[in-house]
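Peer 1: Quick check, what structure comes out for this input:
(one chain, ligands or ions: 1)
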Amino acid sequence: MKERKAIWLPDAASTYAGDVDALFYFILVTSFVLFVGVMTAMVFFAWRFRRRSSDDRPAPVKENKIVEAAWILVPAALVAIVFVWGFRVFIQMNVAPPNAMEITVRAQKWSWLFEYPSGARSTELQLPVSRPVRLKMSSADVIHSFFVPAFRTKQDVVPGRYTYAWFEATRQDTFPLMCTEYCGQQHSTMLSSVIVQSQDDFEAWLQESLMAADAPPAERGALLYVQQGCQGCHSLDGTGVIGPSFQGLAGSERVFTDGTSALADDNYLREAITLPALKIVEGYDALMPGVYASLDPAEIDALIAFIKEQ
Ligand code: CUA
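Peer 2: As a prediction, the model looks like this:
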């Protein structure tokens with residue numbers, strides 16, 4: 001495929017990106033031509049019809065049917081062109097081909113999780129090249145927005161419902177993926193990558209990540225720590241910004257906002273993961289979402305095993 005060089009937009013890398021760009025540049029160039037035309041006429045008329053002496057009065061203005069028709073019909077035609085063109089591209093961007101591979105996307109403060117039909121999971125969006133992919137997206141907390149500039153794909157991810165996006169990557173590369181809806185303190189760090197590779201490399205990656213799910217509990221916990229977005233709030237180095245650090249947490253004495261305290265044993269850790277609002281550690285706010293109650297028991301065990309190693 002011929003490489004498209006854009007002036008301001010990143011190089012297009014999806015099948016419909018070229019159509020989006022064409023419409024964008026049409027609107028941009030049209031606006032530019034109209035702007036220059038209007039400004040030039042304005043400056044010219046101000047100069048041409050300037051007041052030349054104190055008794056210089058403008059002559060009565062008579063209507064000009066052709067000029068009036070032109071300023072109604074030309075903008076109307078432009079708006080109609082942009083509407084029809086935009087609608088066609090909109091439909092193209094919103095109706096996924098029936099053979100698209102479905103990937104589930106979960107957004108949460110402040111990370112992305114991608115789940116594949118085979119059960120593989122990743123915090124980066126791994127894709128095979130030249131294959132349509134449909135995203136089924138949901139949010140665990142607030143509104144996020146899925147944005148891949150190179151694909152010209154942008155779609156809000158809303159709690160309480162599914163939203164969808166689809167695209168077909170046209171070349172193998174790594175592209176930035178970001179959240180483009182302000183979603184709280186760490187919004188600007190809600191970044192990931194889209195990694196587009198050959199069908200064979202993609203299959204190999206799928207196999208590899210499925211094998212990783214069979215690893216020993218603590219290793220699996222380390223994976224979940226990243227995939228489930230724990231790392232967004234819980235550090236491993238003792239610093240506690242949004243939530244307490246996992247360093248030295250297991251086995252320590254926890255003091256809560258209501259003045260009570262408890263030893264961080266297995267049962268405490270399980271409760272803190274599944275019912276985070278029950279006891280809030282002193283110095284922190286009740287910010288952790290309740291979604292982790294839906295982790296399966298083996299996953300909770302793996303996370304506890306991981307926390308105990310820190
Ligand atoms: Cu998620 Cu901004």
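Peer 1: Could you count how many residues lie near Arg88?
Peer 2: If you count neighbours by other C-beta atoms under 10 Å, Arg88 ends up with 12. Using the backbone N, CA and C atoms, a C-beta is placed for each residue, glycine as well.
Peer 1: now Asp55
Peer 2: Asp55: 6 neighbours (other C-beta under 10 Å).
Peer 1: Which phi and psi values does it adopt?
Peer 2: With angles defined as degrees, to the nearest 10, Asp55 sits at phi -100, psi 20.
Peer 1: Could you do Asp141 as well?
Peer 2: Taking degrees, to the nearest 10, you get phi -140, psi -80 for the backbone angles of Asp141.
Peer 1: Tell me the spacing between it and Pro75.
Peer 2: 44 Å (C-beta to C-beta, to the nearest Å).
Peer 1: ditto for Gln92
Peer 2: From Gln92 over to Pro75 (counting by C-beta to C-beta), the distance is 26 Å.
Peer 1: Enumerate the residues of the stretch 101-250 of the chain near the ligand.
Peer 2: 110, 144, 179, 181-183, 187, 190 (C-beta under 6 Å from any ligand atom).
Peer 1: neighbouring contacts of stretch 284-297?
Peer 2: When contacts are defined by C-beta atoms under 8 Å, 6 or more residues apart in numbering, stretch 284-297 is touched by residues 108-109, 140-141, 224, 228, 233, 240, 242-244, 273-277, 280, 300, 303.
Peer 1: can I get the CA coordinates of stretch 32-41 in CSV?
Peer 2: Extracted in CSV, the C-alpha atoms of stretch 32-41 (Å, rounded to 0.1, in the frame of the first residue of the first chain):
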residue,chain,number,x,y,z
PHE,A,32,-9.7,28.5,4.1
VAL,A,33,-10.8,29.6,0.6
LEU,A,34,-14.0,31.2,2.1
PHE,A,35,-12.1,32.9,4.9
VAL,A,36,-9.5,34.4,2.5
GLY,A,37,-12.4,35.4,0.1
VAL,A,38,-14.4,37.1,2.8
MET,A,39,-11.5,38.9,4.3
THR,A,40,-10.1,40.1,1.0
ALA,A,41,-13.6,41.4,0.0
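Peer 1: Run the chain-centre distance for that stretch.
Peer 2: Centroid displacement of stretch 32-41 relative to its chain, using C-alpha atoms, centre = their mean, to the nearest Å, is 37 Å.
Peer 1: do the same with stretch 118-132
Peer 2: Counting by C-alpha atoms, centre = their mean, stretch 118-132 comes out at 16 Å from the chain centroid.
Peer 1: Equivalent analysis for stretch 289-303, please.
Peer 2: With C-alpha atoms, centre = their mean, you get 25 Å for stretch 289-303.
Peer 1: Please point out which parts of it sit buried.
Peer 2: Applying a neighbour-count criterion of 16 or more other C-beta atoms under 10 Å, one finds 289, 291-292, 295, 299-303 buried in stretch 289-303.
Peer 1: What residues are bridge-paired with the residue nearest the centre of the chain?
Peer 2: With distances taken as C-alpha atoms, centre = their mean, the chain has Phe146 as the residue nearest its mean C-alpha position (2.0 Å). Counting by DSSP bridges, Phe146 forms beta bridges with Gln155, Cys179.
Peer 1: Was I right to think Arg106 contacts Ala140?
Peer 2: Yes. Between Arg106 and Ala140 there is a contact under C-beta atoms under 8 Å: 6.4 Å.
Peer 1: Contact partners for the closest residue to Phe147 other than its chain neighbours?
Peer 2: The shortest distance from Phe147 to any non-neighbouring residue, by C-beta to C-beta, 6 or more residues apart in numbering, is to Thr180 (4.1 Å). Thr180 is in contact with 145-147, 154, counting by C-beta under 8 Å, 6+ apart.
Peer 1: for the residues you listed, which one is nearest Val79?
Peer 2: Proximity of the contacts of Thr180 to Val79 (C-beta to C-beta) peaks at Lys154, which lies at 23.1 Å.
Peer 1: distance of the residue lying farthest from the centre of the chain from the ligand?
Peer 2: Here the chain reaches farthest from its C-alpha mean at Asp55, the gap being 64.2 Å by C-alpha atoms, centre = their mean. To the ligand, Asp55 is 65 Å away according to C-beta to the nearest ligand atom, to the nearest Å.
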